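Student: generate a structure from the sequence data that follows.
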Amino acid sequence: MLRRKDGVVQREVAGETFLVPIHGHLADLQELFVLNEVGRYIWDRLDGESPLDTLVAGVTAEFEVDTRQARLDVGAFLGQLEEAGLVEERTVAVA
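Tutor: Presented below is the predicted three-dimensional model:
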């Protein structure tokens with residue numbers, strides 16, 4: 001399960017949602033990522049606890065898209081987030 005990576009700041013500007021990676025004390029504006037409404041919905045739920053099926057079911061219900069299309073869209077979006085280095089697999093501490 002994926003979670004939002006530490007060091008990524010979410011900002012709202014003029015009705016748009018931006019993700020900005022922060023490295024040290026500097027924002028990397030070359031890696032600015034803009035979210036649409038569906039992307040924002042998914043981003044807000046990337047807590048490392050929500051499995052893919054839960055995200056797909058939520059997108060299906062919230063945006064009136066069929067399950068097959070939602071699965072494709074969510075998978076593609078998560079791939080883009082991973083490629084941009086904005087998310088990571090949740091790590092589980094072993095006792």
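Student: quick one: the helices in the chain, in order.
Tutor: Assigned by DSSP state H, the helices in the chain fall at 37-44, 52-63, 67-83.
Student: is it possible to get CSV of those helices that adds mean neighbour count and mean pLDDT?
Tutor: Every C-beta, even on glycine, is put in place using the N, C-alpha and C of the backbone. Formatted as CSV, the helices of the chain follow (neighbours: other CB atoms under 10 Å; pLDDT from 0 to 100):
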stretch, mean neighbour count, mean pLDDT
helix 37-44, 16, 95
helix 52-63, 16, 96
helix 67-83, 15, 95
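Student: closest to Thr91 out of these?
Tutor: Comparison of these against Thr91 by CB to CB identifies helix 67-83 as nearest, at 15.2 Å.
Student: show residues contacting the closest one.
Tutor: With contact meaning CB atoms under 8 Å, 6 or more residues apart in numbering, helix 67-83 is reached by 2, 33, 38-39, 42-43, 46, 52, 55-57, 59-60, 63, 65, 87.
Student: quick one: it to helix 52-63, angle?
Tutor: 120 degrees (axes from the mean of the first three to the mean of the last three CA atoms, to 10 degrees).
Student: mind putting the helices of the chain into TSV with distance to Ile22?
Tutor: Output for the helices of the chain, formatted as TSV (distance: least, CB to CB, whole Å):
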stretch	distance to Ile22
helix 37-44	16
helix 52-63	25
helix 67-83	16
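Student: to Pro21, which of those helices lies closest?
Tutor: It's helix 67-83; of the helices of the chain, that one is closest to Pro21 (CB to CB) at 11.3 Å.
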